[in-house]
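Engineer: Quick one: sequence plus predicted model below, questions after.
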Number of protein chains: 2
Amino acid sequence: MFSQAEENYLKAIYHLESVSKGGINTNAIAKSLATKASSVSDMIKKLSDKEVVLYKKYKGVTLTELGKKTAANIVRKHRLWEVFLVKKLNFSWDEVHDVAEQLEHIKSKKLINQLDALLGFPTHDPHGDPIPDKDGCINAIDKCLLATLKETETGVCVGVNDSSSEFLQFLDKKGITLGKKIEVLEKEDFDDSLSILIDNKKMSISNKIANNLYIRKS
Amino acid sequence: MFSQAEENYLKAIYHLESVSKGGINTNAIAKSLATKASSVSDMIKKLSDKEVVLYKKYKGVTLTELGKKTAANIVRKHRLWEVFLVKKLNFSWDEVHDVAEQLEHIKSKKLINQLDALLGFPTHDPHGDPIPDKDGCINAIDKCLLATLKETETGVCVGVNDSSSEFLQFLDKKGITLGKKIEVLEKEDFDDSLSILIDNKKMSISNKIANNLYIRKS
DNA sequence: AATAAAGTTTAGACTTGTCTAAAAAATTAT
DNA sequence: ATAATTTTTTAGACAAGTCTAAACTTTATT
Ligand SMILES: [Mn+2]
Ligand SMILES: [Mn+2]
Ligand SMILES: [Mn+2]
Ligand SMILES: [Mn+2]
């Protein structure tokens, strides 16, 4: 059994491993958890004792198979709860994260399996992130950042890179939601901004936005 | 904001006040939380500083208005989650308590209000206990223990006094669930056991059972 | 290769919540 | 009214998790 703090560390390491392969360093974990490197050092020793991470002093940390499975299960719970909040409780996609941060620590196998069933076994959360299955496997869809599309290419919005509520609310305001079809009309060399067509409306999108929106090409 | 531990103490005091009016003593709280009297003393000081309880050394403790409201809100969350688990996730009434003990500490006004709406604003939890409203008010129904009924009297099962899973599973086995009509046929002087009619079936009920089942007379 | 800078760990302290053992107060029995 | 018993509080310790400051390793710079 893992404490809430331990679970949060495992999840942070899991997410860091998914973006930067190789041993995860103390400072990166500290930053992602808004804590201090010394606290991370202490906790890593505990996690190492519990055999969920491999650890060599000064050499960073990697999840063991057990660690990966444990972390994936927390992510699974987080994302299922996010789907629940949006689908059943009328939360908008920018409101769910903080509540899911709490709900992901609830311990009950039956709860999460029944929730999964209630929601119709969803494969992705409201931000387009894949939901790991009971064994921790995720089946990632083939997506790329809008910024990588070339002129005349089209695709469908399938996810966000930044899921801060500011960004999500901005997308709402622009009418950009998951599932919408997007066509790149023009790419401005000067500032890498895009002119796109969405819902038959033409709009201009800054490079910063285009670098935080995932598209499945079509 | 209250910690999980503080919330559990508040809830325990709230429940104790509802059965035995007057200042609640340290040992009673310790017993109901399965902790030690010394721990209770420590915590009571903190709760007193936070102005949710009134406390005079050696004289027991009472909830302030703020304390009552806070505690009632935790009970509200506990019972709404229990309804959710039974109605939406197919839990049986003997499985819900432990999970609700965790869920009751989730902090989100919107979450609990939307949950309330999803469930159709239920007034009672799966064990027949009333669900406090947003202001902490409960509207208790008029109920009495089955053991207090006289021969030939009839009523409807509306709640349980003991909600341990052993007792609840026992009731399931006997076919006794909330809403069922019961008629007292005979009362045995020797051991205070009852002969009752339920679903047109005659069965014998020990005094211990009859003292843990609430009835609304009809 | 030596030094500076950056990253990491340790030492020691603090908070929350818990415990045991001992002291103090309140209650009950003689 | 005094003594015995029960209840409650205090004192001191401990585990988890965090922090700051200092020491230590590794990496980068000269
Ligand atoms: Mn999230
Ligand atoms: Mn998400
Ligand atoms: Mn309960
Ligand atoms: Mn209940």
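Structural biologist: Yes, it's here. A quick note: this is a predicted structure, and the numbers were derived from the prediction, not measured. Ligands and ions are numbered 1, 2, ... in the order given.
Engineer: Read off the pLDDT value for the closest residue to residue A:124 other than its chain neighbours.
Structural biologist: The shortest distance from residue A:124 to any residue other than its chain neighbours is 5.6 Å, reached at residue A:130 (Cβ to Cβ, 6 or more residues apart in numbering or on different chains). Where C-beta positions appear, they are placed from N, C-alpha and C, glycine not excepted. In the prediction, the pLDDT value recorded for residue A:130 is 97.
Engineer: residues near residue A:130, how many?
Structural biologist: Residues within reach of residue A:130, counting by other Cβ atoms under 10 Å in any protein chain shown, total 18.
Engineer: right, and it touches residue A:138 too?
Structural biologist: Yes. Under the criterion of Cβ atoms under 8 Å, residue A:130 lies in contact with residue A:138, with a separation of 4.4 Å.
Engineer: how much space between the residue nearest to residue A:124 and residue A:217?
Structural biologist: Residue A:130 is 18 Å from residue A:217, where distance means Cβ to Cβ, to the nearest Å.
Engineer: Next secondary structure after the longest helix seen in chain A?
Structural biologist: Of all segments of type helix in chain A, defined using DSSP state H, the longest is helix A:65-87. Toward the C-terminus, helix A:65-87 is succeeded by helix A:96-103 as the next helix or strand (DSSP states H and E).
Engineer: Show me what whichever helix or strand comes after that following helix is packed against.
Structural biologist: Following the chain from helix A:96-103 toward its C-terminal end, the next helix or strand by DSSP H and E is helix A:109-118. Taking 3 or more Cβ pairs under 8 Å, 6 or more residues apart in numbering or on different chains; DSSP states H and E as the contact definition, the neighbouring helices and strands of helix A:109-118 are helix A:65-87.
Engineer: Is the helix it packs on positioned near DNA strand D?
Structural biologist: No. Helix A:65-87 lies out of reach of DNA strand D by Cβ under 7 Å from any atom of the strand, never closer than 14.2 Å.
Engineer: Apart from its chain neighbours, what residue comes closest to the residue minimising distance to the centre of chain A?
Structural biologist: Ranked by distance to the mean C-alpha position of chain A (Cα atoms, centre = their mean), the top residue is residue A:129 at 5.3 Å. The shortest distance from residue A:129 to any residue that is not its chain neighbour, by Cβ to Cβ, 6+ apart, is 6.1 Å, and that residue is residue A:79.
Engineer: Hmm, the one you found is touching residue A:125, no?
Structural biologist: Yes. With contact defined as Cβ under 8 Å, residue A:79 and residue A:125 form a contacting pair (3.7 Å).
Engineer: Now do the strands in chain A.
Structural biologist: Assigned by DSSP state E, chain A shows strands spanning A:53-55, A:61-63, A:144-145, A:154-160, A:181-187, A:194-198, A:201-205, A:213-217.
Engineer: Make JSON lines out of the ones you listed and add distance to residue B:15 and mean neighbour count.
Structural biologist: Formatted as JSON lines, these follow (distance: least, Cβ to Cβ, whole Å; neighbours: other Cβ atoms under 10 Å in any protein chain shown):
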{"stretch": "strand A:53-55", "distance to residue B:15": "42", "mean neighbour count": "19"}
{"stretch": "strand A:61-63", "distance to residue B:15": "42", "mean neighbour count": "21"}
{"stretch": "strand A:144-145", "distance to residue B:15": "54", "mean neighbour count": "14"}
{"stretch": "strand A:154-160", "distance to residue B:15": "45", "mean neighbour count": "19"}
{"stretch": "strand A:181-187", "distance to residue B:15": "56", "mean neighbour count": "17"}
{"stretch": "strand A:194-198", "distance to residue B:15": "55", "mean neighbour count": "18"}
{"stretch": "strand A:201-205", "distance to residue B:15": "56", "mean neighbour count": "13"}
{"stretch": "strand A:213-217", "distance to residue B:15": "50", "mean neighbour count": "19"}
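Engineer: now these as CSV including distance to residue A:113 and mean pLDDT?
Structural biologist: Below are the strands of chain A laid out as CSV (distance: least, Cβ to Cβ, whole Å; pLDDT from 0 to 100):
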stretch, distance to residue A:113, mean pLDDT
strand A:53-55, 27, 97
strand A:61-63, 24, 98
strand A:144-145, 33, 96
strand A:154-160, 25, 97
strand A:181-187, 35, 96
strand A:194-198, 38, 96
strand A:201-205, 40, 94
strand A:213-217, 29, 97
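Engineer: can you tell which of those strands is closest to chain B?
Structural biologist: Closest approach to chain B among the strands of chain A is made by strand A:154-160 (21.6 Å; Cβ to the nearest Cβ).
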